[in-house]
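**Student:** everything below, folded, please.
(one chain, ligands or ions: 4)
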Amino acid sequence: AKQDGRGLFRLYQEHMGRQDSEEFQLDQDIKAALTQQQFQLHYQPIFALGSPRLLGFEALIRWPHPQKGWIAPDQFIPFAEQHGLISRIDRYVLQQAVAQLVAWQAHWPEHCYISVNVSGLAFSEANFATQLLELIADAGIKPAWLAIEITERALIENIAQARTALKELRLAGVKVLLDDFGTGYSSLSYLNEFKLDVLKIDRSFIASMKPKIQDNPVINTVIALAKTLDLLVVAEGIENQCQCELLKSLGCDAGQGYWFSRPVPAADAVCWLS
Ligand code: C2E
Ligand code: CA
Ligand code: CA
Ligand code: CA
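**Tutor:** Ligands and ions are numbered 1, 2, ... in the order given. Prediction:
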């Protein structure tokens, strides 16, 4: 039995060791990816549902790892958040998006924006808003061309700081989108506490829509709520025409999803700009 116990312990040790070294490797790889600029942004178009016109793009990070191939954000963003690397990634992504706007400046439509996903931890840095506005000013682009997508977690964790930062950004003209709406645990209170521009209905609600318009009371109510609060509503994860038509009938302002386009490299995204 003693022997067994030690054997098990050794197994456990080896397992932990492997996990530790995998984590160490990922940590090193992310740092290398940042310095070597391996991360790329892909752009998914967002369209107004009423009269199909481009409203903007959501920037989504992509990682072509030199040995492991493409790594999805879900496989390294949560890790980066836990290991103190996310603010460097956020800064990198914001810089890339701003650089893209500079490149597109000549034919970028006045009303369009690029929205960037920003981690909740961004607000734990006191000068996040100021730094972002500096980045925008130095690049010489319009603040209204940039939007940030935040989740409720970002707001929960630093209420006072988040309020100050959002105020500063919105005052300058940067749009603020509340991402994944409906998946948190106390969404409604935040709508009272913070002034926002756009509410994004989480993909899970779109995926579970019923074909009859009257069988979708929750989405219907969310859209009505957004209207009352003077927010634009964007549905994410629209995968078919049926969902698109339903959302339009329910009064949803805008949408994005595979039905329109997958996220694509900047070079392919320009086709929507002319
Ligand atoms: P998210 O912000 O909710 O982004 C939407 C996700 O849904 C993206 O996954 C997008 O590719 C995917 N998607 C878009 N349309 C459809 C559709 O019609 N059907 C389905 N099934 N999926 C669709 P992606 O790119 O893998 O990103 C996953 C998550 O990783 C994002 O969720 C976001 O939370 C995070 N993320 C992505 N890029 C960044 C980034 O640059 N910075 C930070 N901090 N987080 C990011
Ligand atoms: Ca998002
Ligand atoms: Ca989302
Ligand atoms: Ca999400």
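**Student:** could you show which parts of the stretch 51-200 of the chain are in contact with ligand 3?
**Tutor:** For the stretch 51-200 of the chain, the contact set with ligand 3 under Cβ under 5 Å from the ion comprises 179-180. All C-beta atoms are positioned from the backbone trio N, CA, C, and that covers glycine.
**Student:** report the central residue of the chain.
**Tutor:** By Cα atoms, centre = their mean, the chain has its centre lying nearest to residue 117, at 3.1 Å.
**Student:** surely that one is in contact with residue 149?
**Tutor:** Yes: assessed by Cβ atoms under 8 Å, residue 117 is found in contact with residue 149 at 4.8 Å.
**Student:** what do those two both touch?
**Tutor:** Common neighbours of residue 117 and residue 149 are listed as 58, 179 (criterion: Cβ atoms under 8 Å, 6 or more residues apart in numbering).
**Student:** any regions of the stretch 51-200 of the chain where pLDDT drops low?
**Tutor:** Residues of the stretch 51-200 of the chain meeting the criterion pLDDT under 70: 185-187.
**Student:** helices of that one, residue ranges please.
**Tutor:** Assigned by DSSP state H, counting those that start in this stretch, the helices in the stretch 51-200 of the chain fall at 77-82, 86-104, 128-139, 152-157, 159-172, 187-193.
**Student:** how about the ones you listed in CSV, adding mean neighbour count and distance to residue 61?
**Tutor:** Shown next, in CSV, are the helices of the stretch 51-200 of the chain (neighbours: other Cβ atoms under 10 Å; distance: least, Cβ to Cβ, whole Å):
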stretch, mean neighbour count, distance to residue 61
helix 77-82, 16, 7
helix 86-104, 18, 6
helix 128-139, 17, 17
helix 152-157, 19, 17
helix 159-172, 17, 21
helix 187-193, 13, 25
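**Student:** as TSV, those with distance to residue 241 would be great.
**Tutor:** Shown next, in TSV, are these (distance: least, Cβ to Cβ, whole Å):
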stretch	distance to residue 241
helix 77-82	31
helix 86-104	29
helix 128-139	37
helix 152-157	31
helix 159-172	35
helix 187-193	29
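**Student:** so which of those helices comes closest to residue 66?
**Tutor:** Of all those, helix 86-104 sits nearest to residue 66, with 17.0 Å by Cβ to Cβ.
**Student:** quick check, the closest one touching ligand 1?
**Tutor:** Yes: with Cβ under 6 Å from any ligand atom as the criterion, ligand 1 is reached by helix 86-104 at 90, 93.
**Student:** now tell me what touches that helix from outside.
**Tutor:** Helix 86-104 is contacted by residues 30, 34, 37, 39-41, 43, 59, 61, 77, 80, 108, 114, 116-119, 121-122, 125, 132, 135-136, 139-141, 145-146, 266, 270, 273 when judged by Cβ under 8 Å, 6+ apart.
**Student:** mark which of these are buried, thanks.
**Tutor:** Neighbour-count burial (16 or more other Cβ atoms under 10 Å) is assigned, among those, to 30, 34, 39, 41, 43, 59, 61, 77, 80, 108, 114, 116-119, 121-122, 125, 132, 135-136, 139, 141, 145-146, 266.
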